[in-house]
Structures are given as structure tokens and as C-alpha cells.
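J.: no sequence for this one, just the structure:
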Ligand SMILES: Cc1ncc(COP(=O)(O)O)c(C=O)c1O
């Protein structure tokens, strides 16, 4: 029998806190009958967010094309029926067959058109690969660009731990740079330079920088100038950029605006920095995490390099077909005049308004609690909450992973399941936890009340 000790050390070392110890304990408690509010993961449908109707109509018809031979006009919008037929014309073999490695062509063409329309820049469908979600896209890129054990990827601190875990799996180095909590979690050049120089001093070789915008776990949206600064930095130090833009639709603040790296780079006329951009159907207002659907766009690479990315994808044959179609539907939603347009707009507006309201409630209410503070999320689905404990506690606290202890006690006491800041990385001597704001509004209101009572009790028992 395979023993634990014979497993790959890289696997044993990889850490993914979003589904770590606190969540395992939450599941145990749930089995024992405790009511758990899962705020550990951005999984909107788990909170009964309704799937977008047009997506599921088209997908249903593709999964069971015999329906198209029946009178289904009372069940499906006419444009969904028309779309399903068009898709089946393009892929008569349906969604049960493999596609070309990079994905079905009409969907890649639609992704390029989406980028052109979003950013008013050129986009090439032959530089797009459809993937099983953004995770697979990022993992492919990391697999491809880490050549030597000293090669590393600059990662934000705090970061989404899929990046560090994947680096551990492929045998590369995580090179953290601190986001500026005092400045809405923007990046700053000194911190980038400091991280880069420290890595060099330690004989590491930074090959690329990852930027998550809007941010997970921070909920921050980067300004145009900040993105410009990052591109200039990457150019100066010959780094590729991994732009994780899965939350591009999730912007809640009136003053914040999403700028893609592709657009800013185009407007700067930079053509010598390689850019990998990721998008996903798991987030936005779709929340289709289970469909494992997304794309990777690559800019500024020669043909032979792109071909290697297609080869890498071909080792997995191709992304799942339902996910590829879902991605196609994400980038080409119903248009005004289509029968399903009104429902689409209504559903989209409802989901985004609801998230916006909850982002503000959680941000505002947490800031009323003595000892907790947060940058009110401008985007994404998360708040990264700072826990201020009495000074005497802090040094001891960091060593003893007190953020994990705090989250565990919060779970045991209230049933609220959040992720300790240490799972994402945090500035030395600071403590945080990340919570989503996906539960229904009433539950969010209750959650902050419970948090307030818990925090007070926690301080008293220290
Ligand atoms: C920043 C970021 N990138 C990527 C992902 C994974 O996306 P996908 O479900 O498309 O793999 C997540 C999921 O939470 C995320 O927060």
C-alpha cells in the first residue's frame, strides 16, 4: 500500500488554505449538527445564487440535443434555441467529443472579439487558449516558465494561494511583494524593487510577476497608473506578467474602474513584455465555478513559444467542452433585441447590486468593531480584515499562528468559517482573516453582529 512517506514531497509541502484545516473542522462540526456559514471560498452558487438563465438554456440543449427536435418554445427563449443550433452546426459532434487542444475555434474567435470590444484594442484568436478555469491557465503558465529551481514568480502578499501552491508543485520559488494596506492595497514600486532585490541577493531568479486585479483576498481595484507602473517595472527587469483578471466584472465602487493589463500595455505601446491574462466564468455575475471554464490570452510571444503552450494544453487533450461553450456564452451574452436579453440584464443587475450592497455592509459594519478594520471592498468577493490585538500579544501571536487560532475559535463559537490571513501571506506582525460576502444579506448582517460579540469575548479571554 502506498504510504504517506512515499508521496511527492512537493505535494506534501503545497499549502492551499482556502480549503485547509479550518474548513475540515467546519465540515466535522456540520456533521455533528452545527450550523456553519461558509465564508471561506468564492463559490456563489453554493449560496443559492441562481445560474444565468441564458447560459443554462443553451448548455441544456447542447447536453441533450434531442430536445431541439421537440416543441420546446414554452421552455426556452427563441434566441437560446437558435444559438444552440448554431453551435451544433459548428461542432456537430457536440459536447461529448474532444476539441482541438486550444479549444473550439468559434469560441476563441468570440473571446478575441470580447477583448476587442472591452478594451478597444486588437486581439488575436490565435493567441487564446480555452481552459478548465483560470486555475488551469495559471498552472500551465507556471509549468511553462519555471525552468530552474531558483526561478521564481513575484507574488502579491497577500495572494491567492493557488499561485504559491502551484509553484511548490513545480519546484519554483515564491517571491513575495507586499501590497500597501494603507493605500487601498495598491502596489508600490519600492515594495516591488525591495522584493526583486532581496530575491536577487538570495540568488533567486525572478522570471515573472503575478498581479490579481481586482484583488483576492483584498477586494482592491488597481488604478490605471498603478498598472502602468507595474508594466514599466516588468519591462525594466525583463519579467513576464501574469494578470489574473477573473473578477473584472465585480466592481462595486463608483470611483474604481477595471483596466485590463492588455489595454494599458497597448496604450503604452509596450510590445516587448510578455503578458498572460486570465479570465474565468467562476466569478463575475456568472459564478459558474463548477463548470471549470475560462481562458488564457497570451501577448508578445513568438509563434514557437505559443505553440509550446498549445502543446502543454494538448497533453490534457483539451478543456472540457461544456466549459468551453460556457466561456463562449460568457463572452457573447444576449444583445438588446434578443428575446432573453431582458432576463439576462435583470439577473446580472440583481446579482451585481446585491454583491455591491453586501460589500458595503460588511466593510462598514466591520469597521465599527473595536479592534477590527478593513478596506471596504471595491471589487471581487472578499474582505481582508485586520485584527488588532493588544501590542503585548502580537509577537507571540504571529509565532503561534494566532490568526488561525482566532479563526478556529470563531468557527467553534459562531459557526462562521473564514480563512486565516497567514494562508494568503501578510505583513510581519499583522494579523488578518479573509471572509467572502456571498451569504444572503440577512446572514451577512447577522454574521457581523456575531463577529462583534465574539471579538469582544476573545479579547477578554486573552
Ligand atoms: C484570483 C483568482 N484566480 C483564479 C481563481 C480560480 O478560478 P477558476 O475557478 O476559474 O479556476 C480564483 C478562485 O477563487 C481566484 O480568486
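T.: Everything's here; your move. If you're wondering where the values come from, they're calculated on a predicted model, not measured in any experiment.

J.: Walk me through the domains of the protein.
T.: Annotated domains of the chain cover 4-48+345-461, 94-331 [automatic domain parsing].

J.: Now find how far off-centre the last one is within its chain.
T.: Read that as domain 94-331. The chain centroid and the centroid of domain 94-331 are separated by 10 Å, computed with C-alpha atoms, centre = their mean, to the nearest Å.

J.: one step back: kindly reformat the domains of the chain as a markdown table containing mean pLDDT, mean neighbour count and distance to the ligand.
T.: Backbone N, C-alpha and C define where each C-beta goes, glycine included. Rendered in a markdown table, the data for the domains of the chain read as follows (pLDDT from 0 to 100; neighbours: other C-beta atoms under 10 Å; distance: least, C-beta to the nearest ligand atom, whole Å):
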| stretch | mean pLDDT | mean neighbour count | distance to the ligand |
| --- | --- | --- | --- |
| domain 4-48+345-461 | 90 | 17 | 4 |
| domain 94-331 | 96 | 20 | 3 |
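
J.: Dump the ones you listed to CSV, plus distance to residue 60.
T.: Conversion of the domains of the chain to CSV gives the following (distance: least, C-beta to C-beta, whole Å):
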stretch, distance to residue 60
domain 4-48+345-461, 16
domain 94-331, 10
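
J.: So for residue 86, which of those domains sits nearest?
T.: Nearest to residue 86 among the domains of the chain is domain 94-331; the distance by C-beta to C-beta comes to 8.5 Å.

J.: end to end, how far does the closest one reach?
T.: Taking C-alpha to C-alpha, to the nearest Å, the span from the opening residue of domain 94-331 to its closing residue is 20 Å.

J.: Now residue 88. Nearest residue, chain neighbours left out?
T.: residue 65 (6.0 Å; C-beta to C-beta, 6 or more residues apart in numbering).

J.: show me the contacts for that neighbour.
T.: Counting by C-beta atoms under 8 Å, 6 or more residues apart in numbering, residue 65 makes contact with 84, 88, 94.

J.: Am I right that residue 439 is in contact with residue 447?
T.: Yes. Counting by C-beta atoms under 8 Å, residue 439 touches residue 447, with 6.7 Å between them.

J.: just to revisit the earlier point, please produce CSV containing the contacts of residue 65, extended by secondary structure and distance to residue 384.
T.: Written out in CSV, the entries for these read as follows (DSSP: H, G, I helix; E, B strand; the rest coil; distance: C-beta to C-beta, whole Å):
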residue, secondary structure, distance to residue 384
84, helix, 41
88, helix, 45
94, helix, 43
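
J.: Going by distance to residue 287, which of those wins?
T.: Nearest to residue 287 among the contacts of residue 65, counting by C-beta to C-beta, is residue 84 at 21.8 Å.

J.: need the contact list for residue 176.
T.: Shown here is residue 176, whose contacts under the criterion C-beta under 8 Å, 6+ apart are 154-157, 159, 195, 425.

J.: For residue 125, list the residues it contacts.
T.: Contacts for residue 125 (C-beta under 8 Å, 6+ apart) come out as 105, 108-109, 111-112.

J.: Kindly report the same for residue 309.
T.: Under the criterion of C-beta under 8 Å, 6+ apart, the contact list for residue 309 reads 129, 140-141, 144, 296, 298.

J.: Same list, these, but as a markdown table with distance to residue 411 and secondary structure please.
T.: Conversion of those to a markdown table gives the following (distance: C-beta to C-beta, whole Å; DSSP: H, G, I helix; E, B strand; the rest coil):
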| residue | distance to residue 411 | secondary structure |
| --- | --- | --- |
| 129 | 39 | strand |
| 140 | 35 | helix |
| 141 | 35 | helix |
| 144 | 39 | helix |
| 296 | 36 | strand |
| 298 | 41 | strand |
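
J.: Just name the closest of those residues to residue 189, please.
T.: Using C-beta to C-beta, residue 141 is the member of the contacts of residue 309 that lies nearest residue 189, at 24.0 Å.

J.: nearest residue to the closest one other than its sequence neighbours?
T.: Distances taken as C-beta to C-beta, 6+ apart put residue 276 closest to residue 141, at 4.8 Å, once the chain neighbours are dropped.

J.: Confirm the one you found sits in a strand?
T.: Yes. With the criterion set as DSSP: H, G, I helix; E, B strand; the rest coil, the secondary structure at residue 276 is a strand.

J.: follow-up on the earlier one: for the contacts of residue 176, please prepare a markdown table with the additional fields distance to residue 176 and secondary structure.
T.: Formatted as a markdown table, the contacts of residue 176 follow (distance: C-beta to C-beta, whole Å; three-state DSSP):
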| residue | distance to residue 176 | secondary structure |
| --- | --- | --- |
| 154 | 8 | strand |
| 155 | 6 | strand |
| 156 | 8 | strand |
| 157 | 4 | strand |
| 159 | 7 | coil |
| 195 | 6 | helix |
| 425 | 6 | coil |
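
J.: Reformat those as CSV; add distance to residue 238.
T.: Converted to CSV, the contacts of residue 176 look like this (distance: C-beta to C-beta, whole Å):
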residue, distance to residue 238
154, 12
155, 18
156, 20
157, 22
159, 22
195, 15
425, 25
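
J.: mind checking the end-to-end distance for stretch 332-342?
T.: In stretch 332-342, first residue to last residue: 15 Å (C-alpha to C-alpha).

J.: now swap in stretch 41-56 and tell me
T.: Taking C-alpha to C-alpha, stretch 41-56 runs 23 Å from one end to the other.

J.: Next: stretch 259-278.
T.: With C-alpha to C-alpha applied, stretch 259-278 spans 14 Å between its terminal residues.

J.: and if you look at stretch 121-132?
T.: 26 Å.

J.: re the thing from before, just tell me which of the domains of the chain ends up closest to residue 337.
T.: Between residue 337 and the domains of the chain, the shortest gap by C-beta to C-beta is with domain 4-48+345-461, which sits at 12.0 Å.
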